[in-house]
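Q: dropping a prediction and its sequence here:
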Amino acid sequence: MLRTSLKITAALLVALTLAFTAQQEQKSPVPTELPKDWRDWTHIKTGVIYSEKHPLFEAFGGVHHIYANKIATEAYKKAHNEKAKKMFPDGSVIVFVLYEAKDEGGMFVAGNKKVVAIMVKDSKKYSATGGWGWQAWTPEGKPLVKDAEEQCFTCHKPMRENDYVFSDWLP
Ligand code: HEC
């Protein structure tokens with residue numbers, strides 16, 4: 001009897017430890033795969049953060065492009081056409097790709113890739129982080145997000161009224 005309950009206690013402890021470790025590794029669920037065809041998606045906008053005048057120079061200095069899948073593109077366009085706030089349905093995926101800015105005799109062009117970041121809308125799965133799943137990868141494919149709230153979501157929060165999305169589509 002005592003042995004059985006000891007065994008149960010031990011099993012419970014193992015389960016709890018595993019759950020705790022898993023939680024420590026990843027505080028909230030995040031996407032694990034970058035869609036293969038993102039480079040063929042709709043280009044939403046491009047930005048060049050080229051000097052320390054910009055508060056994000058340290059982290060995001062370089063040339064970045066934003067791409068959206070079909071569902072997200074429709075939502076961007078709808079907001080633009082109706083002069084309404086942005087609202088993205090589940091299934092929306094947005095990609096932010098950052099390259100080094102290379103000065104080619106007075107023209108800034110994209111150099112080496114620095115990072116690819118992604119937002120995936122699934123209001124149930126990612127409810128803890130605004131309904132969006134957040135992830136970023138190095139050019140070698142190493143995932144970078146351990147704490148989506150702290151590393152990504154916090155900075156996007158001021159855009160709450162626009163479904164946490166900064167960028168706008170222009171015709
Ligand atoms: C310090 C603030 C900050 C942090 C931290 C941040 N972002 Fe962003 N993010 C921005 C800004 C500002 C833009 C808009 C850039 C533009 O309009 O060209 C943006 C744009 C994006 C976009 C394109 C959609 C949009 O909102 O315009 C994606 C996707 C994205 N970020 C993902 C991430 C991920 C994933 C992380 C965490 C690894 C992250 N971001 C961390 C500020 C931040």
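A: Received the coordinates, thanks.

Q: so which residues of this protein form helices?
A: Remark: helices assigned in the chain by DSSP state H are 2-25, 57-60, 70-81, 148, 154-156.

Q: for the lengthiest strand in the chain, packing partners?
A: The longest strand of the chain (DSSP state E) is strand 107-121. Judged by 3 or more C-beta pairs under 8 Å, 6 or more residues apart in numbering; DSSP states H and E, the packing partners of strand 107-121 are strand 62-68, strand 93-104, strand 132-137. In short, each C-beta sits where N, CA and C put it, glycine included.

Q: quick one: closest of these to residue 84.
A: Closest to residue 84 of the helices and strands packed on strand 107-121, according to C-beta to C-beta: strand 62-68, at 16.8 Å.

Q: and for the closest one, what's in contact with it?
A: 38-39, 41-49, 76, 92-101, 108-111, 114, 167, 169 (C-beta atoms under 8 Å, 6 or more residues apart in numbering).

Q: and the helices and strands packed on strand 107-121 as JSON lines, adding distance to the ligand, mean neighbour count and mean pLDDT?
A: Listed next are the helices and strands packed on strand 107-121 as JSON lines, based on distance: least, C-beta to the nearest ligand atom, whole Å; neighbours: other C-beta atoms under 10 Å; pLDDT from 0 to 100:
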{"stretch": "strand 62-68", "distance to the ligand": "5", "mean neighbour count": "22", "mean pLDDT": "98"}
{"stretch": "strand 93-104", "distance to the ligand": "4", "mean neighbour count": "17", "mean pLDDT": "97"}
{"stretch": "strand 132-137", "distance to the ligand": "4", "mean neighbour count": "22", "mean pLDDT": "98"}
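
Q: for residue 87, which of the ones you listed is the nearest?
A: Of all the helices and strands packed on strand 107-121, it is strand 132-137 that lies closest to residue 87, at 12.5 Å by C-beta to C-beta.
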